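Asker: Take this sequence and fold it.
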Amino acid sequence: MKNNYVKRTQKDYSLSLKLQVVRLVERGELSTTQAQRKYGIQARSTVVNWLRKYGNFDWENQTPSQMPKTPEQKLMELEQKVRLLEKQKALLENQVKQSDKKVILFDMMIDLAEKEYNIPIRKNSEPK
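Answerer: All right, here's what the predicted structure looks like:
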């Protein structure tokens, strides 16, 4: 049985991957071990090094860092927010369509009830 192990270096991972992994781990969506397995990173310590280098946590003092984010980090965060907002917008647009359909259906039901039972259901209030 042949071992096809190939040692990887930091240069084998793109900056965008590193920042994505850091963001997911910092948000609590993945543990360092889960991130390592999911992205095929050979060592957990690699993920920890990325957290120290690119993350928002001050590992020396165990407090969130006030260090400014790199332009790449800011761009990644903004792209993530845009994707989230696009999903929310699509969901809200779908809800509006459903509400519009319900309004039309309820109007038709009221019209039918008024006609069938010969009673006014809608109140015709005059504007003041």
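Asker: all helices of this structure, in order?
Answerer: In the chain, the helices defined using DSSP state H lie at 15-27, 32-39, 44-54, 71-117.
Asker: Redo those as JSON lines? Include distance to Asn124.
Answerer: Using the backbone N, CA and C atoms, a C-beta is placed for each residue, glycine as well. Formatted as JSON lines, these follow (distance: least, CB to CB, whole Å):
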{"stretch": "helix 15-27", "distance to Asn124": "54"}
{"stretch": "helix 32-39", "distance to Asn124": "62"}
{"stretch": "helix 44-54", "distance to Asn124": "65"}
{"stretch": "helix 71-117", "distance to Asn124": "12"}
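Asker: could you dump the ones you listed to TSV with mean neighbour count and mean pLDDT?
Answerer: Output for the helices of the chain, formatted as TSV (neighbours: other CB atoms under 10 Å; pLDDT from 0 to 100):
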stretch	mean neighbour count	mean pLDDT
helix 15-27	17	89
helix 32-39	15	91
helix 44-54	17	87
helix 71-117	11	91
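Asker: if I look at the residue positioned nearest the centre of the chain, how far off is Leu51?
Answerer: Nearest to the mean C-alpha position of the chain, by CA atoms, centre = their mean, lies Leu84 at 4.6 Å. For Leu84, the distance to Leu51 equals 23 Å [CB to CB, to the nearest Å].
Asker: cool, Val21 as well?
Answerer: Val21 sits 8 Å away from Leu51, taking CB to CB as the criterion.
Asker: Thanks a lot, catch you later.
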